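In: sequence below, structure please.
(one chain, ligands or ions: 1)
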Amino acid sequence: MPRGPCTLQSLQTKVYFACYGSIVVSVGKGMKIWMNGSLVDAEDAKVHVLTHALHYATGIFEGIRCYESGGGGNGSYIFRLHDHVKRFFSSAKIYMMDVQYGFDDIVDAIIDTVKANGMRNCYIRPIAYYSYGRMGVNPLPNKVDVAIAVWKWDEYLSAEQGIRCMVSSWRRIDARTMPVGAKATANYANSALARIEALKNGFDEAIMLNINGMVAEASAENVFMVRDGVLCTPPTTDGALAGITRDTVLQIAKHEGIMCEVRSISRDELYLADEAFLTGTAAGIKPIVMIDNRKVGDGGVGVITKRLKGIYEDVVRGRDERFVKWLTYVEMDSSTATKP
Ligand SMILES: Cc1ncc(COP(=O)(O)O)c(C=O)c1O
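Out: Down below sits the predicted model:
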């Protein structure tokens, strides 16, 4: 797997790369992307340069993961598929999108795309966007197109020893300006600025405060801290996305008898946390060991963080009976299944 920034040369090969931090994602030759009802070759999954969403950020998307079953066999599990598709349609509703496919169509299309690519561990990206037709800020005259791609994305934020975060100078978008409950492409301009700032300053990730100075979330993850044995995360009303991993962690914690609070967190409280971590579909559970050059706790991965991370990794692979309700089993065709 190539690493480092995309080069012209890499783009000229018949493999298409998208860069996320230092991780290169490849959707290569022979792979399939679902576009408006059919599976097409990845090379042919193209959009017009005058696509409305490209100019005005009028798209919504999801990030879902599929994990190789931890119980052997030839299958994989898509984690919380129905919850992700529900959020996909909620985001579309907020942007008044007339999606031509129903809930079950999208669920089936996601499963078909995973199977068609034979990837037992993959990241799944469904996107709906106002398409090519009429330019101008009003998106409504344009058709809404839908696409689903999958790729191998092992480590969104690497560093198993824990990551170092900075509190960004960019404030998280505010609900009075943008609908923060929608997982919209537009929101990620704010995320991208924060992440660029963090990377350029030598950190792994940015934590953003809301306009009232309280912790909102990271560029693509929710934020948790542990103080005096209590697990805390900010409420969605402070600007946090209703993350599905966030909800998963809260539910696991309750089953484990860990005290949880969904409440506002100030910047200085983060500095005084005993433990802190980020959650997200792409990142999983990522321990934070330093914030703004201050050690979190003793600077190592916290005990509760380690415990939750271990359980989470079992849950997503079907190794924890208590949460199998969250898994959608996908049987891979043994002739096409690859083990990326
Ligand atoms: C801004 C933002 N916050 C939080 C999350 C975590 O959400 P989830 O756990 O549903 O992936 C994401 C990832 O999608 C995100 O982009």
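
In: could I get stretch 226-243 in PDB with only the CA atoms?
Out: C-alpha atoms of stretch 226-243 as PDB (Å, rounded to 0.1, in the frame of the first residue of the first chain):
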ATOM      1  CA  VAL A 226     -12.700  10.100  32.200                       C
ATOM      2  CA  ARG A 227     -12.400  12.100  35.500                       C
ATOM      3  CA  ASP A 228     -12.600  10.400  38.900                       C
ATOM      4  CA  GLY A 229     -13.900   7.200  37.300                       C
ATOM      5  CA  VAL A 230     -16.800   8.900  35.500                       C
ATOM      6  CA  LEU A 231     -16.900   8.700  31.700                       C
ATOM      7  CA  CYS A 232     -18.000  12.000  30.100                       C
ATOM      8  CA  THR A 233     -18.800  13.200  26.600                       C
ATOM      9  CA  PRO A 234     -20.300  16.500  25.400                       C
ATOM     10  CA  PRO A 235     -24.000  16.600  24.400                       C
ATOM     11  CA  THR A 236     -25.000  17.000  20.800                       C
ATOM     12  CA  THR A 237     -26.300  20.500  21.800                       C
ATOM     13  CA  ASP A 238     -22.700  21.500  22.300                       C
ATOM     14  CA  GLY A 239     -22.000  20.700  18.700                       C
ATOM     15  CA  ALA A 240     -21.100  17.000  18.800                       C
ATOM     16  CA  LEU A 241     -22.300  14.800  16.100                       C
ATOM     17  CA  ALA A 242     -24.600  12.000  17.400                       C
ATOM     18  CA  GLY A 243     -21.800   9.600  16.700                       C
END
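
In: what mean pLDDT would you report for it?
Out: Over the span of stretch 226-243, the pLDDT mean works out to 97.

In: close to the ligand, is that stretch?
Out: Yes: for stretch 226-243 and the ligand, the contact criterion (C-beta under 6 Å from any ligand atom) is met by 241, 243. Any C-beta I mention is one placed from the backbone N, CA and C, and that applies to glycine too.

In: would you mind listing the buried residues in that stretch?
Out: In terms of neighbour count (16 or more other C-beta atoms under 10 Å), stretch 226-243 has its buried residues at 226-227, 231-234, 236, 238-241, 243.

In: contacting residues around the nearest residue to residue 128 once chain neighbours are set aside?
Out: Distances taken as C-beta to C-beta, 6 or more residues apart in numbering place residue 146 nearest to residue 128, at 4.8 Å, with adjacent residues excluded. Residues in contact with residue 146 (C-beta atoms under 8 Å, 6 or more residues apart in numbering) are 34-36, 99-101, 106, 109, 126-128.

In: centre of the chain to the strand or helix carrying residue 146, how far?
Out: Assessed by DSSP states H and E, residue 146 sits inside strand 144-151. Mean-position distance between strand 144-151 and its chain equals 15 Å (C-alpha atoms, centre = their mean, to the nearest Å).

In: what do you get for stretch 64-75?
Out: Worked out by C-alpha atoms, centre = their mean, stretch 64-75 lies 19 Å from the chain centre.

In: next: stretch 251-268.
Out: Worked out by C-alpha atoms, centre = their mean, stretch 251-268 lies 21 Å from the chain centre.

In: same check, this time on stretch 51-58
Out: What separates the centre of stretch 51-58 from the centre of its chain is 21 Å, taken as C-alpha atoms, centre = their mean.

In: how about stretch 32-46?
Out: On C-alpha atoms, centre = their mean, the centre of stretch 32-46 falls 22 Å from the chain's centre.

In: which residues touch it?
Out: Contacts for stretch 32-46 (C-beta under 8 Å, 6+ apart): 14, 16, 27-31, 100-101, 109-110, 112-113, 116-117, 145-149.

In: what subset of these is buried?
Out: Here, 16+ other C-beta under 10 Å leaves 16, 27, 31, 101, 109-110, 112-113, 116-117, 145-149 buried among the contacts of stretch 32-46.

In: and the two most separated of those?
Out: Using C-beta to C-beta, those span at most 24.6 Å, a distance reached by 16 and 101.

In: which ones are touching the residue in the stretch 51-200 of the chain that the ligand sits nearest to?
Out: Using C-beta to the nearest ligand atom, the closest approach of the stretch 51-200 of the chain to the ligand is made by residue 63 at 4.7 Å. Applying C-beta under 8 Å, 6+ apart to residue 63 gives the contacts 84, 123-125, 280-282.

In: mind exporting the C-alpha coordinates of stretch 96-115 to PDB?
Out: Coordinates of each C-alpha in stretch 96-115 appear next as PDB, following Å, rounded to 0.1, in the frame of the first residue of the first chain:
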ATOM      1  CA  MET A  96     -34.400  18.500   1.500                       C
ATOM      2  CA  MET A  97     -33.000  15.800  -0.800                       C
ATOM      3  CA  ASP A  98     -35.400  13.700  -2.800                       C
ATOM      4  CA  VAL A  99     -33.400  10.400  -2.700                       C
ATOM      5  CA  GLN A 100     -34.800   8.100  -5.300                       C
ATOM      6  CA  TYR A 101     -34.100   5.000  -3.200                       C
ATOM      7  CA  GLY A 102     -35.800   3.800   0.000                       C
ATOM      8  CA  PHE A 103     -34.200   2.700   3.200                       C
ATOM      9  CA  ASP A 104     -34.100  -1.000   2.300                       C
ATOM     10  CA  ASP A 105     -32.700  -0.200  -1.200                       C
ATOM     11  CA  ILE A 106     -29.700   1.500   0.400                       C
ATOM     12  CA  VAL A 107     -29.200  -1.200   2.900                       C
ATOM     13  CA  ASP A 108     -29.200  -3.800   0.100                       C
ATOM     14  CA  ALA A 109     -27.000  -1.700  -2.100                       C
ATOM     15  CA  ILE A 110     -24.400  -1.400   0.700                       C
ATOM     16  CA  ILE A 111     -24.400  -5.200   1.200                       C
ATOM     17  CA  ASP A 112     -24.100  -5.700  -2.600                       C
ATOM     18  CA  THR A 113     -21.200  -3.300  -2.800                       C
ATOM     19  CA  VAL A 114     -19.300  -5.000   0.000                       C
ATOM     20  CA  LYS A 115     -19.900  -8.400  -1.600                       C
END
